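Engineer: predicted model and sequence below, questions to follow.
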Amino acid sequence: MKPATAQRWANLLILPTLNILTAFVVTTLVFLAIGVNPIDAAKLLVKGAFGYQNGIGYTLYYTTNFIFTGLAVAIAFHAGLFNIGGEGQAYIGGLGVGLVVLAFDGWLPAIILIPLAILAAALMGAAWAAIPAYLQAYRGSHIVITTIMFNFLASSLMVYLLVNVLGEKGQMSPETRSFAESSFLPTWSEMLGWFGIPFASSPLNISFLFALFCCFAVWVFLWKTRWGYELRTVGANPDAAIYAGINPKHIVMMAMLISGGLAGLVAVNELLGVQHRLLLGFNAGYGFGGIAVALMGRNHPVGIVLAALLFGALYQGGAELSFDMPNVTRDLVVVIQGLIILFSGALESMYRPQIQRFLSRFVKDEVSA
Amino acid sequence: MKKLLLSVVVGTCLPAFVLAADFKPAIVYDLGTKFDKSFNEGVSNGAKRFTEETKVEVQEFEPANDSQIEQAIRRMAQRGSNPIISVGFSQSKALETVSKEFPDTHFTIIDSVVDQPNVQSVTFREEQGSFLVGALAAMASKTGKVGFVGGQDIALIRKFACGYEQGAKYVNKDVKVFQNMTGSTGAAWNNPSKGGELAKSQFDQGADVVFAAAGGTGIGVYQAAKDNGKLAIGVDSNQNHLQPGTMLTSMVKRVDNAAYDTFKAQQEGSWKAGKVTLGLAEKGVGWAVDEHNEKMVEPYKAKMAEIEKAIIDGTIKVHDYMTDNTCKM
């Protein structure tokens, strides 16, 4: 094995695994401190996330959301941009879905309505990212600041619309009427049912496959197209990109539009797949979770799927955990997630020196030989 | 005779015993936290009171997002929990789905209406309670200006605001009512510093009594009232003790009773599905008088009792914002 290959594998596999293991060790200590048997807790968590069909369904349903937002963060990251606005872009993507479905669900057939709604989700998400992107590219306003502010603008806008314009009258909850059934995405249990395979009902729907497709599309885009190459070049060195005849302003716009569009697709899973109405706060932190997922997944689609699966399992397994163990409140589940983010995000290079020493001892010989 | 007596005793005890054995009450809380000093905590207090009296443990779950609500209610039902209390209007869609899957389980939803044969819907006439404290605010105000600080700008809070304004105008039709909402995200329920700022700006405009219907944000409003020597009105739970001396009263909403009564009724076998609306007449809402504000409200007590009576017998009709999404005076 060449040192470069070994180094690559260390980056992709060994480091993230070590980081997660460290997070789990610290979690164990936390469990011991509050008097919960960590082995029982781990069993419950794994069983809750993967032990039965309904649990798997929920895990993959959460995973779907994290894949979309993780890809969104990653693609911006490859262009050297830190898009923290996934939360707001997902929210406004939901507005797109809501407007299209509420306007057309009476008379358009599913085959036209659903693609239209998906398109609306992506377009609205992209539109919400377009303003911070423009300000970054042409006015030099920092994208981190503007995207964060746009999250707040998105939630203000949604509250205003749901309370005053779109919300059902005489209804306590700020939400629209339920969508007509023609807009419902087929769930996993329905789809497997077509082939005669029974699967417990859960929120898992066809958007999971769509998310996997998006992973593939992002991979092709980033590494197999000229645009992707330009995007990565700008991310690596904007000055060199200019010298190579690439306009970084255009690339910033392109990266952010795709990023926002991907984040907007969360609404497809949430609204068309599960909630079947536009409601307040359906984005529930997936946009922020996506940052951690992208960091952990090394901004690579495969890594993002794995990291999203881990987060989905933690969401679902964690809910089961707090359900079965009264000592474990849902705040503790947030602590576990926080530890994982801390060790695989903020402290990601903690073990790098040791790993490198270890590698140099074993791999060098082969090269010199 | 003895045998007959025995069989009667056994006959009456047995069902009760069986009932107690598989009596597993459960609560799924509203989004937010259980200890919010207001809505969720009220329900939790009712459950605690029930557990203390009957030694029956109550299963609880705090959902972290919308999809977990449905999941949690379903899991509770699958485990044989009965009755299950669903707290807050955001659970209505989830409960509608799950209640159909478990026709033999009893559900009670607080703050919303779900029309199913096995669901009891408990709603409160917040506009009546708010009317009362609005009237009190207008009576206690020396400047003829009163304030309202809401949490998130949603219909429910506008209902509070609308009742409050009607009450204030009933007492003094020239009264000026300032209204501010804290924000547009869920964080608006827990932003005491912004609440304090809003209250202060209302004081600067001349208000001297302010009503906060804003969950945890209210704490900042009460503090601002204390710092500026003005009066504040609490919400949901009796919050008079938070700033004794400057808390004029609290508009109480007895969610604790709703929870307690649900469990008690189920235990006694008298739980019934359908709509329950708790207003002044049912003592579901009201204004709190205790040792902290007794002296302060003494001069207004007679007038308040009069208004209370008029609302109960229908002489005063309090308009409910939710019926048509407008606040008609």
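Structural biologist: Looks like it came in fine.

Engineer: how about the residues of the stretch 201-329 of chain B by chain A?
Structural biologist: B:Met322, B:Thr323, B:Asp324, B:Asn325 (Cβ under 8 Å from any Cβ of the partner chain). Glycine gets a C-beta too; all of them are placed from N, C-alpha and C.

Engineer: among the residues you listed, which ones are buried?
Structural biologist: B:Met322, B:Asn325 (16 or more other Cβ atoms under 10 Å in any protein chain shown).

Engineer: for B:Arg196, what are phi and psi?
Structural biologist: For the record, residue B:196 is Gly, not Arg. With angles defined as degrees, to the nearest 10, B:Gly196 sits at phi -60, psi -40.

Engineer: OK, contacts around it?
Structural biologist: Taking Cβ atoms under 8 Å, 6 or more residues apart in numbering or on different chains, we find B:Gly196 in contact with B:Gly220, B:Val221, B:Gln223, B:Ala224.

Engineer: out of these, the closest to chain A would be?
Structural biologist: B:Gly220 (19.6 Å; Cβ to the nearest Cβ).

Engineer: still on that earlier bit, so which of the contacts of B:Gly196 is the most crowded?
Structural biologist: Among the contacts of B:Gly196, B:Val221 has the most neighbours (other Cβ atoms under 10 Å in any protein chain shown), with 32 neighbours.

Engineer: tell me if that one really is in a strand.
Structural biologist: No - in this structure, B:Val221 is helix, not part of a strand, as judged by DSSP: H, G, I helix; E, B strand; the rest coil.

Engineer: can you give me the helices for the stretch 151-300 of chain B?
Structural biologist: Applying DSSP state H, counting those that start in this stretch to the stretch 151-300 of chain B gives helices spanning B:155-171, B:192-204, B:218-227, B:255-268, B:294-297.

Engineer: packing partners of the first one?
Structural biologist: Spelled out, that is helix B:155-171. helix B:126-140, strand B:145-152, strand B:176-183, strand B:209-213, helix B:301-313, helix B:321-324 (3 or more Cβ pairs under 8 Å, 6 or more residues apart in numbering or on different chains; DSSP states H and E).

Engineer: where does chain A dip in pLDDT?
Structural biologist: A:1, A:170, A:363-369 (pLDDT under 70).

Engineer: farthest-apart pair in the contacts of B:Gly196, please.
Structural biologist: Among those, the pair separated by the greatest distance (Cβ to Cβ) is B:Val221 and B:Gln223, at 7.3 Å.

Engineer: what touches both of those two?
Structural biologist: In contact with both B:Val221 and B:Gln223: B:Pro192, B:Gly196, using Cβ under 8 Å, 6+ apart.

Engineer: deepest in the core, which of the helices and strands packed on helix B:155-171 is it.
Structural biologist: strand B:209-213 (a mean of 31; mean count of other Cβ atoms under 10 Å in any protein chain shown).

Engineer: I'd like the average pLDDT over that one.
Structural biologist: Throughout strand B:209-213, pLDDT has a mean value of 95.

Engineer: ok, residues contacting that strand?
Structural biologist: B:130, B:133-134, B:137-138, B:140-141, B:146-151, B:157, B:160-161, B:164, B:195, B:199, B:202-203, B:218, B:221-222, B:225, B:230-235, B:248, B:251.

Engineer: recalculate using a threshold of 7 Å.
Structural biologist: Under the contact criterion Cβ atoms under 7 Å, 6 or more residues apart in numbering or on different chains, strand B:209-213 has outside partners B:133, B:137, B:140-141, B:146-151, B:157, B:160, B:164, B:195, B:199, B:202, B:218, B:221, B:225, B:230-233, B:235, B:248.

Engineer: got the angle for that strand vs helix B:126-140?
Structural biologist: With axes from the mean of the first three to the mean of the last three Cα atoms, to 10 degrees defining the directions, strand B:209-213 sits at 160 degrees from helix B:126-140.

Engineer: hey, C-alpha coordinates of strand B:209-213 in PDB?
Structural biologist: Extracted in PDB, the C-alpha atoms of strand B:209-213 (Å, rounded to 0.1, in the frame of the first residue of the first chain):
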ATOM      1  CA  VAL B 209     -50.300  47.300  34.300                       C
ATOM      2  CA  VAL B 210     -49.100  44.700  31.900                       C
ATOM      3  CA  PHE B 211     -50.400  41.200  31.300                       C
ATOM      4  CA  ALA B 212     -48.000  38.500  29.900                       C
ATOM      5  CA  ALA B 213     -49.300  35.500  28.100                       C
END
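
Engineer: confidence score at B:Gln71?
Structural biologist: Looking at B:Gln71, the pLDDT reads 89.

Engineer: count residues in the vicinity of it, would you?
Structural biologist: Quick note: B:Gln71 (other Cβ under 10 Å) scores 25 neighbours.

Engineer: please identify the helix or strand for it.
Structural biologist: helix B:66-78 (DSSP states H and E).

Engineer: contacts for that helix?
Structural biologist: A:58, A:203, A:274-275, A:279, A:282, A:284, A:319, A:323, B:26, B:28, B:59, B:61, B:63, B:84, B:86, B:91, B:94-95, B:97-98, B:102, B:105.

Engineer: please apply the same query to stretch A:300-318.
Structural biologist: Contacts for stretch A:300-318 (Cβ under 7 Å, 6+ apart): A:45-46, A:48-50, A:55, A:58-60, A:62-63, A:66-67, A:70-71, A:74, A:215, A:218-219, A:289, A:293-294, A:296-297, A:333, A:336-337.

Engineer: now stretch A:230-250
Structural biologist: Applying Cβ under 7 Å, 6+ apart, the external contacts of stretch A:230-250 come out as A:His78, A:Ala79, A:Gly80, A:Ala137, A:Tyr138, A:Leu222, A:Ile251, A:Met254, A:Ala255.

Engineer: is A:Leu18 in contact with A:Arg352, as I believe?
Structural biologist: No - contact criterion Cβ atoms under 7 Å: A:Leu18 and A:Arg352 do not qualify, at 9.9 Å.

Engineer: which stretch in the helices and strands packed on helix B:155-171 has the least confidence?
Structural biologist: When these are ranked by mean pLDDT, helix B:321-324 comes last with a mean of 84.

Engineer: for that one, name the packing helices and strands.
Structural biologist: Helices and strands touching helix B:321-324, as assessed by 3 or more Cβ pairs under 7 Å, 6 or more residues apart in numbering or on different chains; DSSP states H and E, comprise helix B:155-171.

Engineer: hey, what's the angle from the helix it packs on to strand B:176-183? Just curious.
Structural biologist: Using the same axes, to 10 degrees, helix B:155-171 lies at 170 degrees relative to strand B:176-183.

Engineer: any chance of the helices of the stretch 151-300 of chain B in TSV, plus mean pLDDT?
Structural biologist: Shown next, in TSV, are the helices of the stretch 151-300 of chain B (pLDDT from 0 to 100):
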stretch	mean pLDDT
helix B:155-171	93
helix B:192-204	95
helix B:218-227	94
helix B:255-268	91
helix B:294-297	90
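
Engineer: and of those, who's closest to A:Phe150?
Structural biologist: helix B:192-204 (20.3 Å).

Engineer: coming back round to it: quick check on the contacts of helix B:66-78: which are buried?
Structural biologist: Among these, the ones that count as buried (16+ other Cβ under 10 Å) are A:58, A:203, A:274-275, A:279, A:282, A:284, A:319, A:323, B:26, B:28, B:59, B:61, B:63, B:84, B:86, B:91, B:94-95, B:98, B:102, B:105.

Engineer: chain B contacts on the stretch 201-350 of chain A?
Structural biologist: Residues of the stretch 201-350 of chain A lying close to chain B (Cβ under 7 Å from any Cβ of the partner chain) are A:Pro203, A:Val274, A:Gln275, A:Leu279, A:Gly281, A:Phe282, A:Ala284, A:Ala319, A:Phe323, A:Thr329, A:Arg330.

Engineer: so which of the residues you listed belong to strands?
Structural biologist: The members of those all map outside strands under DSSP state E.

Engineer: which of these lies at the shortest distance from chain B?
Structural biologist: Looking across those and measuring by Cβ to the nearest Cβ, the closest to chain B is A:Ala284, at 3.9 Å.

Engineer: what sits against that closest one?
Structural biologist: Residues in contact with A:Ala284 (Cβ under 7 Å, 6+ apart) are B:Asn65, B:Asp66.
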